[in-house]
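>>> got a predicted structure plus its sequence, pasted below:
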Amino acid sequence: MKTALPVLSLRRFMLAVSLAAVTVPVAVHAQQGQMSVAGQENAPAAASLTASDKAWLTRIEQTLNGITTLKARMQQLDAEDKRTTGTVWMQRPGKMRLAYDAPTPLLLVANDGKVVFRDNQLDQTTVIPMDRTPLGLLLRDKVSLSGDVTVTGFSHENGLVEVSVVRTSAPGDGSLTLVFYDKPLALRSWSVLDAQGRETRVTLFDTHTGVAIPADTFTLPAQPE
């Protein structure tokens with residue numbers, strides 16, 4: 001069976017791959033007191049940033065924009081403290097593949113402006129527009145930590161730089177937190193806090209950038225018609 005946006009697969013997607021921040025219905029946000037008139041969300045509270053903080057954000061933008069390709073092993077910790085491992089490939093702009101080690105039956109591929117999530121155990125395929133997931137931030141042609149995203153948190157301590165962002169137009173969808181080593185500046189992990197308060201973290205290790213990646217790595221799984 002193949003179906004677009006099934007509830008079970010979508011929830012599993014949000015927990016399993018730590019990337020989907022799909023828009024939550026207006027009614028949910030209204031109940032949470034996050035809506036203003038005409039169905040528009042209130043502006044997110046931006047972090048108070050020092051000149052040093054802003055300089056770090058500029059460096060982070062430059063670091064992410066400087067990534068053309070990346071391959072790494074990953075370890076994921078979901079909201080239920082379940083650990084899984086796998087491999088991630090990224091080619092900017094616009095392409096990513098997350099393949100989980102057996103027996104986890106999950107595969108995510110981002111390409112052609114969409115994110116396709118395949119659950120082989122459930123025989124379900126989920127398709128989500130890339131700009132409705134945090135992948136839109138990491139994989140866009142030019143990464144910017146302003147404008148359509150708002151920085152809501154920043155810290156630099158113990159050799160790590162951490163920045164949290166939300167979509168400016170839909171802060172209630174959830175937040176994305178990026179963690180970097182500071183010397184040299186390099187992506188260490190990311191985590192997603194979804195609209196229900198569930199957090200999932202992906203930590204990278206054995207990371208290589210500027211590597212050759214075969215084009216078929218980013219071939220999208222078969223999708224629902």
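Right, received. Where do you want to start? Residues are numbered from 1 along each chain as shown.

>>> so which bits of the longest helix belonging to the chain are buried?
Ordering each helix of the chain by length in residues (DSSP state H) puts helix 51-65 first. Residues of helix 51-65 classed as buried under the neighbour-count rule (16 or more other CB atoms under 10 Å) are 53, 56, 57, 60, 63, 64. C-beta here means a position set from N, CA and C on the backbone, and glycine is covered the same way.

>>> now the strands for this protein?
69-77, 83-91, 95-100, 106-111, 114-119, 124-129, 149-157, 160-167, 174-182, 185-194, 199-209 (DSSP state E).

>>> out of the ones you listed, which is closest to residue 47?
The minimum distance between residue 47 and those falls on strand 149-157, with 5.1 Å, by CB to CB.

>>> let me have the strands of the chain in CSV, extended by mean neighbour count and distance to residue 222.
Below are those laid out as CSV (neighbours: other CB atoms under 10 Å; distance: least, CB to CB, whole Å):
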stretch, mean neighbour count, distance to residue 222
strand 69-77, 19, 24
strand 83-91, 17, 20
strand 95-100, 20, 15
strand 106-111, 22, 11
strand 114-119, 22, 8
strand 124-129, 20, 7
strand 149-157, 16, 32
strand 160-167, 20, 29
strand 174-182, 20, 28
strand 185-194, 19, 26
strand 199-209, 15, 25
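
>>> turn these into CSV, columns for distance to residue 221 and mean pLDDT.
Formatted as CSV, those follow (distance: least, CB to CB, whole Å; pLDDT from 0 to 100):
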stretch, distance to residue 221, mean pLDDT
strand 69-77, 19, 95
strand 83-91, 15, 95
strand 95-100, 10, 94
strand 106-111, 6, 92
strand 114-119, 4, 91
strand 124-129, 6, 89
strand 149-157, 28, 95
strand 160-167, 26, 94
strand 174-182, 24, 92
strand 185-194, 22, 90
strand 199-209, 20, 93
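
>>> can I get these in a markdown table with distance to residue 140?
As requested, those are exported to a markdown table (distance: least, CB to CB, whole Å):
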| stretch | distance to residue 140 |
| --- | --- |
| strand 69-77 | 15 |
| strand 83-91 | 12 |
| strand 95-100 | 12 |
| strand 106-111 | 11 |
| strand 114-119 | 13 |
| strand 124-129 | 13 |
| strand 149-157 | 10 |
| strand 160-167 | 12 |
| strand 174-182 | 13 |
| strand 185-194 | 15 |
| strand 199-209 | 18 |
